[in-house]
Each structure stands twice: as C-alpha cells, then as structure tokens.
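Chemist: Make a model of this:
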Amino acid sequence: MSDITVDVAVIGAGPAGIAAGVGAKEAGAERVAIFERDWDLGGILQQCIHPGFGLHIFGEELTGPEYMHRWINKAHDVGVQFWTNSMVFHMEDDGSFWIMNPSLGIRKVTPKSIVLAMGCRERPLGSLGIPGTRPAGIYTAGTAQRLVNMEGYMPGNKVVILGSGDVGLIMARRMIWEGAQVLGVYEIMPWPGGLRRNIAQCLDDYGIPFYLEETVVEIHGKDRLEGVTVAKVDKDRKPIVGTEHFIDCDTLLLAVGLIPENELSRMAGVEINPVTQGPFVNELLQTSKPNIFAAGNVVIVYDLVDWVSKEGERAGKNAALYAAGQLKQAARQIRIVGGKNVRLYSPQFLSGQSDAIIYMRVAQPIETRCKAIVEPGLYEKQLRYARPGEMNEAQVKLEDLKTLGDIEEIVVDIREA
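Modeler: Just a heads-up that it's a prediction; the model follows:
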C-alpha cells in the first residue's frame, strides 16, 4: 500500500490531540489526520464521568465525555481525519512514522509536521519499592476508574488510597458512591498532591480520613490483598520506626504521580527534559526537532484539561504554519530558568517570535500572599497562595521581550510578596 501523506499528523486523540487537529485546520492546513491507538476518541476523558471540565473554554461545567464530545464534533466540522485503532510503533528521524491498523496492516505516514499528544501514564507499584507480595487488588487509580465507570466492575470493598493525586481523590468519592468503604488516603508529602477543591468535595464532604506524611511500607497477602502496613515518615520521607500500623483492606489504589508518555518522542530524536520527563519546547510548542511540536500532558502534567486543550490548539496552529513554510526553526533561543521555588515549568525556551504563557508549579507551598514573577522585569502578578498541586501561569509580551535586547535567559519564580 502507498504511504499516507498529510500536512499535519497528530499522534493521540485525547484533549490535546483533538484540539491540535482543530487548531491545524483553522490555521489553514488542508490535510490533517489524528492517529489514535484506541478504538474510541477522547483519551482519558472517556472515563472521567464527574463534572469539572470546560469552565474556562466553554463557560460551563461539563463531564469529561461531554467536554470531549464538543471538541470531537468541532474536529469533524472542520474536516479533521481520524485513524482509530492505529498504533504508532516506530518513528523515523525525518518525522515520518509507521502505524499498525487491523484492517489496513502496516502503513507509513509522511507528514510535513507533527504534533505529539500522547498524554501521560500513571506511576505503577513497581516504581515505589514497597516490600511485600504482588497480590490481586492493587490498581492504579486510573485503572480502577476505567473498571468502575466504563467496564462496570468494582475493584473491591475495603479500600486504601496511596497518594493524593486528583484521580485518587476523585476515586475515593466514586468508591463511596458505589458502596465501598474508603479507609483512608495516605500522602507521603506534607501537602496534598491534588487540587484543594477535590480535597473538599471528594474527601471532606464524605468524611474520608486524609493523612499527610504517612505512606504504605508493606503489602500483605498472597493471592488477594489482605492488608497494608502504613507508617509516618520523617522530613526525608523515611518511615519512622515505631509508627507502623496494619490496615485490613482488600484494595489498594495508587495515585502517586503521572509520567509524560514519551517513548515515541525519544524514538524521533526529540530532546527530553530530565525534570519534567517531557520534550523541551519553546513558546510555539516546537521541540528540538523543528517539524515536531508537542502539547498537553506529554510535555508537562497539567491540572486543568482546559489548559491542555488550549496548548493543543496552539501547537496545531503552529504545526500548520510550519507545514505551509511560514514558520521556521527559531533563530534565537532564550532559556527560561526556574527560580528557587519553581522546579516544573513549560515552555523552557522562548524563540522571540510571539507572546508566551509560562505554566509553572511551586516546589514548596506558600499559603500567604505571594507573587509570580518573570525577571528581568517582564511580569509580576499578586497571588493569594501557591500550591504544588495547582499550576500558575505568567505571561510574557513579545514587545516587552524585545526591549531587553540580546538577553540569553529569563527567570520565573513564585515567592512571598
């Protein structure tokens, strides 16, 4: 069979990928195709049946499927082509790639530009190094969410949740709704990993115990989980001897972090940021390969899907401009540096070709008035607080950047006011 030739190819049909397809079409790309390994569109939002999506983009609160339905309809309306059940299994250095499709076999795709939108995956039990066996009854929170919301299966009845990521908090409430007993949420850090609204709505409203600076130190059971041992931890996150206690449970859900999905990015030769585990990008969402763009949780894990879609739309637009020969590799790279209290941020470079939004997370929470800054003198905004579980943003105007001349780096930080 002949190659599939397109102007813009998008890998992934979640919130970033579908928005990228829309952005590419609206920017003038004629042939835009989205390749998705699943048989359905929508990515992880298919299973997110709770409300809380779309307030920033649509001005109303939607469930995950409702939110994606609007984007999917928009993509069909503008003429985006979808290839579902099409697994991308190999990337070439020039940006072409290979897919496997049950009906069409193996095909090569040759695009003028690409948007990487593969999203992220959950950190598994094996990465935690918890002593004990590996019995049935241990799931990532997202797997449990799919089992309950889409497959109609209950993972168990007596549940412990390790980690306080947003999916874990939401699943604590969901398990209560389905009649299970949630014995507690245990977080190793001194602060929550998820949004405060989810702490309030999913834990506080249902009386679910929440323990900071505690973690699971042993797993019990052979064929089926019989319980876990939890313990308090010190400031170095090491278990404190003598604080251990056993909890009788049949289910352990893990909400211990998300990892950007970048096997294909590495295969294509895209440079990866060791801190975020996503591609280095500039404000155009352009990676170290000028014809490859990236957006959404494949770059850095966001807290709101609205931001994921906005970044996807922007990446699609710029990919379309590149495919049309209107956008070249940046002649200039201004490095963005994180200050003392900012470790995760995106983008990491500015090309000096457009205005920029810089998303960032603090390393340590600030519960008093503080300010987000971009130095030297590019941006300052007062904040009521800043927490690791919630992203903040800073804006850099191109006209302000030009006044700095040949500056090589800028610094982003959030500090007490």
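Chemist: Tell me who's in contact with residue 348.
Modeler: Neighbouring residues of residue 348 by Cβ atoms under 8 Å, 6 or more residues apart in numbering: 273, 280-282, 335-336. For glycine as for every other residue, the C-beta is placed from the backbone atoms N, C-alpha and C.
Chemist: and those residues, which are buried?
Modeler: In the contacts of residue 348, burial by neighbour count holds for 273, 280-282, 336, counting by 16 or more other Cβ atoms under 10 Å.
Chemist: Residue 302: which of the contacts of residue 348 is nearest?
Modeler: residue 281 (13.5 Å; Cβ to Cβ).
Chemist: low-confidence ranges in the stretch 1-150 of the chain?
Modeler: Within the stretch 1-150 of the chain, the stretches with pLDDT under 70 are 1.
Chemist: quick one: the helices in it?
Modeler: Per DSSP state H, counting those that start in this stretch, the stretch 1-150 of the chain carries helices over the ranges 15-26, 64-78, 141-146.
Chemist: Quick one: those helices as CSV, columns for mean neighbour count and distance to residue 89 too.
Modeler: Listed next are the helices of the stretch 1-150 of the chain as CSV, based on neighbours: other Cβ atoms under 10 Å; distance: least, Cβ to Cβ, whole Å:
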stretch, mean neighbour count, distance to residue 89
helix 15-26, 31, 17
helix 64-78, 18, 24
helix 141-146, 22, 23
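Chemist: circling back to that earlier point, would you format the buried ones among the contacts of residue 348 as TSV with secondary structure and distance to residue 60 included?
Modeler: Listed next are the buried ones among the contacts of residue 348 as TSV, based on DSSP: H, G, I helix; E, B strand; the rest coil; distance: Cβ to Cβ, whole Å:
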residue	secondary structure	distance to residue 60
273	coil	35
280	coil	35
281	coil	30
282	strand	33
336	strand	34
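Chemist: so which two of these are the farthest from each other?
Modeler: Top of the distance list for the buried ones among the contacts of residue 348 (Cβ to Cβ): 273 and 282, 12.3 Å.
Chemist: Residue 308 falls within a strand, correct?
Modeler: No. Read with DSSP: H, G, I helix; E, B strand; the rest coil, residue 308 is helix and lies in no strand.
Chemist: Could you check the pLDDT of the nearest residue to it once chain neighbours are set aside?
Modeler: Of all residues not flanking residue 308 in the chain, residue 296 sits nearest, at 4.4 Å (Cβ to Cβ, 6 or more residues apart in numbering). Confidence at residue 296, expressed as pLDDT, is 97.
Chemist: Residue 296 and residue 15 touch, don't they?
Modeler: Yes. Counting by Cβ atoms under 8 Å, residue 296 touches residue 15, with 6.7 Å between them.
Chemist: what's the overlap in contacts for those two?
Modeler: In contact with both residue 296 and residue 15: 308, 312, using Cβ under 8 Å, 6+ apart.
Chemist: Give me the distance between the longest strand seen in the chain and the centre of its chain.
Modeler: Longest strand in the chain by number of residues (criterion: DSSP state E): strand 105-116. Here the centre of strand 105-116 is set off from its chain's centre by 23 Å, with Cα atoms, centre = their mean, to the nearest Å.
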